[in-house]
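>>> Could you work out the structure for the sequence below:
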Amino acid sequence: MKFVSTVGQLLAIAAAAQASVLAVQDSAPQAFLQGPSTEKKHHHCTHLKGPLFTLHRNLIEIESISQNEHDVGIWLAKYLKRLDLTVDIIPLDSQVKPTKHKSKPEPKRFNLHAYIGKNSSTRALFSSHIDTVPPFWPYQVRANGTEIWGRGSVDAKASVAAQIIAFQELRAAKQLKEGDVGLLFVVGEEIGGDGMRAANALDLTWEAVVFGEPTEGKLAAGHKGNMGFTIKAQGKAAHSGYPWLGLSANDLMVPALTALEGLKGKLPKSEKYGESTLNIGRIEGGVAANVVAETSEAKIAVRIADGPPADIKELVVSAVTNATAGLIGSDGKVEIVFNGEGYGPVDIDHDIEGFDTITVNYGTDIPNLYGKHKKYLYGPGSILVAHSDHEHIKVEELTTAVKDYKKIMTAVLKR
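Residues are numbered from 1 along each chain as shown. Here you go, the predicted model:
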């Protein structure tokens, strides 16, 4: 089922909220900066005034942490429309943003699908994501104009900007026509891929899809699999002066996590991807130091180097169950909730000449887009600075990415 609306319809609805929509311009869109403008502290360099750098900067300056991608989506939809592209909106079900005096609510979260002419079916596709991890870091130019800093400067607004400019340069050179290449920019990649899964509603097929993520300017030959789960411990609250009257959920959680720590180094390995790794990413339990904790929760992510997720699940369940079995009693419970099925290692096409290759430990939206298309993963910048307070990209990496995306797409279309 195809579930889209034209960008014109969406923008007409958004007209009432004109103040929250940025015009495509060279000046910094300060309405979307959190905190004081960085303009006074870090002057924008004059040599970063071209379409690539202006687009990249505008994307960064609009905060788009996962679940809050609406404003950058509206801005990007207008930008793509001004390039004389057809732009379709792919709403995520049940996500709407209230609008005043409008009979139809405006989608709160949506993907963008853009293409030349009227035919949405294309041979190939450029795709990346417009959401970022928290917290927001504003745009800055540093190192004498050779580095661009800010949240999303690498992951993955560099890929979005470079893909669009590469597309436009190929089109201007008359190397693209209607039906050749589309653009798909999705939300939610950082929180499990709900945006890309929604994009399957387009019911389209492609010969090849080029996914944009930071790969140090190399073609990725594959990436690790991914599995996430939450451990929930239930105890019984009591006054900390009389702990025997309750059961601490934290006392259940600690041995469970210790058991998971014991799995490190014992998880499946492979020559291509190395070791599977386990990260205890978030722990939360109890309400106060003088209260026996009634509940405790921990969120864990596993990067899988070999085998199916079911093998990891079996190890996790066994370790946690054995560690807590004698502690639960009548008042306690320990539950493991898996975030979907997960997926094993993903082998990726890398058969285009002129590129070095790399394998990466992070996950991507590649498994979330169904179909038998060839899959390529390429992008500027390093994942080693993504998701950090020092996320940044070198100017030369961004310009090189435009050239490389053109090479990749040219090779794909010649096949």
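>>> I'd say residue 362 and residue 224 touch.
Yes - here residue 362 reaches residue 224: they are 7.4 Å apart, a contact under C-beta atoms under 8 Å. Where you see a C-beta, it was placed from the backbone N, CA and C, and this is true even at glycine.
>>> So for these two, which residues contact both of them?
With contacts taken as C-beta atoms under 8 Å, 6 or more residues apart in numbering, residue 362 and residue 224 have residue 303 as neighbours in common.
>>> These two: which has the busier surroundings?
Higher neighbour count among residue 362 and residue 224: residue 224, with 25 against 16, using other C-beta atoms under 10 Å.
>>> What sits closest to the more buried one if chain neighbours are left out?
residue 303 (4.3 Å; C-beta to C-beta, 6 or more residues apart in numbering).
>>> so that neighbour sits in a helix?
No - under DSSP: H, G, I helix; E, B strand; the rest coil, residue 303 falls outside any helix and is assigned strand.
>>> tell me the mean pLDDT for stretch 187-204?
When pLDDT is averaged over stretch 187-204, the result is 95.
>>> Can you give the contact residues for that stretch?
Contact partners of stretch 187-204, identified using C-beta under 8 Å, 6+ apart, comprise 1-4, 66-67, 69, 73, 90-93, 109-111, 113, 120-122, 127, 129-133, 156, 182, 184, 186, 228, 339-340, 364-365, 367-370.
>>> thinking again about what came up before, surely the residue nearest to residue 224 touches residue 276?
Yes - applying C-beta under 8 Å as the test, residue 303 and residue 276 come out as touching, 6.3 Å apart.
>>> Looking at those two, which one has more neighbours?
Each of residue 303 and residue 276 has its neighbours counted (other C-beta under 10 Å); residue 276 has more, 27 against 22.
>>> Name all residues that make contact with that one.
Applying C-beta under 8 Å, 6+ apart to residue 276 gives the contacts 224, 267, 268, 269, 302, 303, 304, 305, 306, 312.
>>> make it 7 Å
Contacts for residue 276 (C-beta atoms under 7 Å, 6 or more residues apart in numbering) come out as 267, 268, 269, 302, 303, 304, 305, 306, 312.
>>> Now the third one: closest residue in space that isn't a chain neighbour?
I take that to be residue 269. Nearest to residue 269 is residue 275, by C-beta to C-beta, 6+ apart, at 5.0 Å.
>>> Any stretches of the stretch 301-415 of the chain with poor pLDDT?
Scanning the stretch 301-415 of the chain for pLDDT under 70 picks out no residues.
>>> My understanding was that residue 294 contacts residue 232; is that so?
No - contact criterion C-beta atoms under 7 Å: residue 294 and residue 232 do not qualify, at 11.6 Å.
>>> between those two, which one's more packed in?
Set residue 294 next to residue 232 and count neighbours by other C-beta under 10 Å: residue 294 wins out with 20 against 17.
>>> show me the contacts for residue 223.
346, 348, 359, 360, 361, 362, 363, 364.
>>> Buried ones among these?
Restricting the contacts of residue 223 to buried positions leaves 346, 348, 359, 360, 362, 363, 364, with burial counted as 16 or more other C-beta atoms under 10 Å.
>>> in what helix or strand does the third one lie?
Per DSSP states H and E: residue 359 is located in strand 357-360.
>>> how distant is the helix or strand following that strand from the center of its chain?
Downstream of strand 357-360, the next assigned helix or strand under DSSP H and E is strand 374-378. Between the centre of strand 374-378 and the centre of its chain there are 16 Å (C-alpha atoms, centre = their mean, to the nearest Å).
>>> Can you pull out the residues in contact with strand 374-378?
Contacts with strand 374-378, where a contact means C-beta under 7 Å, 6+ apart, come from 207-213, 215, 219-220, 348-349, 364, 366, 404, 408.
>>> Just the closest of those residues to residue 396, please.
Of all the contacts of strand 374-378, residue 396 sits closest to residue 404, with 12.0 Å by C-beta to C-beta.
>>> Show residues contacting the strand or helix carrying the closest one.
Using DSSP H and E, residue 404 sits in helix 395-413. With C-beta under 7 Å, 6+ apart as the test, helix 395-413 has contacts from 48, 52, 56, 123-124, 146-148, 158, 162-163, 165-166, 169-170, 175, 180-181, 207-208, 210, 217, 352, 354, 376, 378-381.
>>> swap in stretch 332-347?
So stretch 332-347 is contacted by 192, 222-235, 247, 252, 256, 270, 273, 304-309, 313, 316-317, 320, 324, 328, 366-367 (C-beta under 7 Å, 6+ apart).
>>> Please list only the buried members of those residues.
192, 222-229, 231-235, 247, 252, 256, 273, 304-309, 313, 316, 320, 324, 366-367.
>>> So which of these belong to helices?
252, 256, 309, 313, 316, 320, 324 (DSSP state H).
>>> Model confidence score at residue 241, please.
98.
>>> Looks to me like it is in a helix.
No - using three-state DSSP, the assignment for residue 241 is coil, not a helix.
>>> Now do the spatially closest residue to it that is not a sequence neighbour, the pLDDT please.
Ranked by C-beta to C-beta, 6+ apart and with sequence neighbours excluded, the top spatial neighbour of residue 241 is residue 290, at 7.7 Å. Residue 290 is assigned 98 on the pLDDT scale.
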